[in-house]
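Participant: Okay, predicted coordinates and the sequence, questions at the end:
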Amino acid sequence: MKRNIIMLLATLSFVTPSLNATAADKSMQNVATGKIASQKRISHTLAPGRVSSRQDVIGQDAIDSTGAFNTDALQLGSSKALIINQETGETLYAKNTDTPTPIASVTKLMTAMVVLDAMLPMDEYITVSEADIDRLKGTTSRLRVGTSLPRAEMLRLALMASENRAASALARHYPGGMSAFIQAMNYKAYGLGMLHSHFVDPTGLNSNNISTAEDLVKLVRAAYEYQEIRQETTTASQVVSINGSRNPMNFINTNALVRKGDWVIGLSKTGYISEAGRCLVMQAEVGGQQLIIVLLDSVGKMTRIGDANRIRKWIENSYMTARMG
């Protein structure tokens, strides 16, 4: 399988022959083979004695008389949505799941995996430069040009606070530079079976970064295996001392559900550009179930949060009904 993947990758149209650094070749090999250095892999298996029938997984209220999912019981504002039981693979809810769409800063989960797969020193300082300024959307950043932070800190800010300059700096400091990093993102996507996804930048600001809800479930599954990604995406806030700044800066998580603290969230990433709408992907425990939740193209700043809370209520009510029944 790996041999077939590597052979096919060599023919992909977006691959260029310019990647010639030894370190870059090693990083690409790690991506293609799925090799991860320090990350602790974890997996979910069905606990002994746990019932795995459709009705017991999602509850009686979520199933109609034919045994099919009663999706009418859950009305979401997101135009594309997918809810998967992480343990069983069961689809609990699906809405326009195979439609390619821009994914905004959800992209940064892929960015983080490529950075970590490269096994670069996480204590090495990298510096924000003029090249990291967003000239496409004109977004601002608290990381001024000249800011120098350890790679681990840049990764934290890219994931937790969705700092675009941090993500860009991480990609620029990859062996072979930005172009090699983008290639590695697409290699990784292919290796994960994300066949309807494509990446052109590490931040998600470019609307040509596209994926589907189905592919993003694969992305979340893969990212969940990285302890660093789980930790940084579920950190509510972080105070960072930045060179040239008189006072430390407090960065907060872009997901209000993480900051609120009444969810059990194992991984989280938000995203927004006008072409993508409001996006949210999460791994979370709801009603005793480990779920992967993908919400894309929500209109309104709080719609994705409202959708997440509606999902939780639907699952918990259904789960309780099943328990009582």
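Facilitator: Now that the structure is in, tell me what you want to look at. Numbers count the residues shown, from 1 in each chain.

Participant: all helices of the stretch 1-150 of the chain, in order?
Facilitator: Assignment of helices within the stretch 1-150 of the chain using DSSP state H, counting those that start in this stretch yields the ranges 2-9, 22-33, 54-58, 107-117.

Participant: between these, which has the poorest average model confidence?
Facilitator: Least confidently modelled of those is helix 54-58, at a mean of 38 by mean pLDDT.

Participant: where does the chain have low pLDDT?
Facilitator: Low-confidence segments of the chain, defined by pLDDT under 70: 1-72, 319-325.

Participant: let's go with 90 and repeat that
Facilitator: Residues of the chain meeting the criterion pLDDT under 90: 1-75, 242-247, 261, 299-302, 315-325.

Participant: In it, which residue is most central in space?
Facilitator: What sits nearest the mean C-alpha location of the chain, by Cα atoms, centre = their mean, is Leu109, with 3.8 Å.

Participant: All the strands of the stretch 51-200 of the chain, residue numbers only.
Facilitator: 80-85, 91-95, 101-102, 125-127, 148-150 (DSSP state E, counting those that start in this stretch).

Participant: Walk me through which strands the shortest one pairs with, and which way each runs.
Facilitator: Which is strand 101-102. If you go by DSSP bridges, strand 101-102 pairs up with strand 210-211 (antiparallel).

Participant: same thing with the longest one?
Facilitator: Using DSSP bridges, strand 80-85 pairs in its sheet with strand 91-95 (antiparallel), strand 289-298 (antiparallel).

Participant: With mean neighbour count added, can I get these in TSV?
Facilitator: Using the backbone N, CA and C atoms, a C-beta is placed for each residue, glycine as well. Shown next, in TSV, are these (neighbours: other Cβ atoms under 10 Å):
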stretch	mean neighbour count
strand 91-95	20
strand 289-298	25
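
Participant: returning to that earlier point: and the residue nearest to the centre of the chain, what is it in contact with?
Facilitator: Leu109 makes contact with 159, 219-220, 223, 229, 233, 269, 281, according to Cβ atoms under 8 Å, 6 or more residues apart in numbering.

Participant: Inside helices: which ones of the residues you listed?
Facilitator: Among the contacts of Leu109, the members falling in helices (DSSP state H) are 159, 219-220, 223, 229, 233.

Participant: returning to that earlier point: quick check: which of the strands of the stretch 51-200 of the chain is buried the most?
Facilitator: Comparing the strands of the stretch 51-200 of the chain by mean neighbour count (mean count of other Cβ atoms under 10 Å), strand 80-85 ranks first with a mean of 24.

Participant: what's the spacing between the closest residue to Tyr93 other than its chain neighbours and Ile252?
Facilitator: Nearest-residue entry for Tyr93: Ile83, 4.2 Å, with adjacent residues in sequence omitted and distances by Cβ to Cβ, 6 or more residues apart in numbering. Using Cβ to Cβ, to the nearest Å, Ile83 is found at 26 Å from Ile252.

Participant: what do you get for Phe181?
Facilitator: As judged by Cβ to Cβ, Phe181 and Ile252 stand 27 Å apart.

Participant: Please say which of these two ends up with more neighbours.
Facilitator: Between Phe181 and Ile252, Phe181 has the larger neighbour count (other Cβ atoms under 10 Å), namely 25 against 14.

Participant: these two touch, right, that one and Ala112?
Facilitator: No - assessed by Cβ atoms under 8 Å, Phe181 is found out of contact with Ala112, at 11.9 Å.

Participant: Now name the helix or strand holding the nearest residue to Met194 once chain neighbours are set aside.
Facilitator: Excluding the flanking residues, the one nearest Met194 by Cβ to Cβ, 6+ apart is Asp215, at 4.1 Å. Assigned by DSSP states H and E, Asp215 belongs to helix 213-223.
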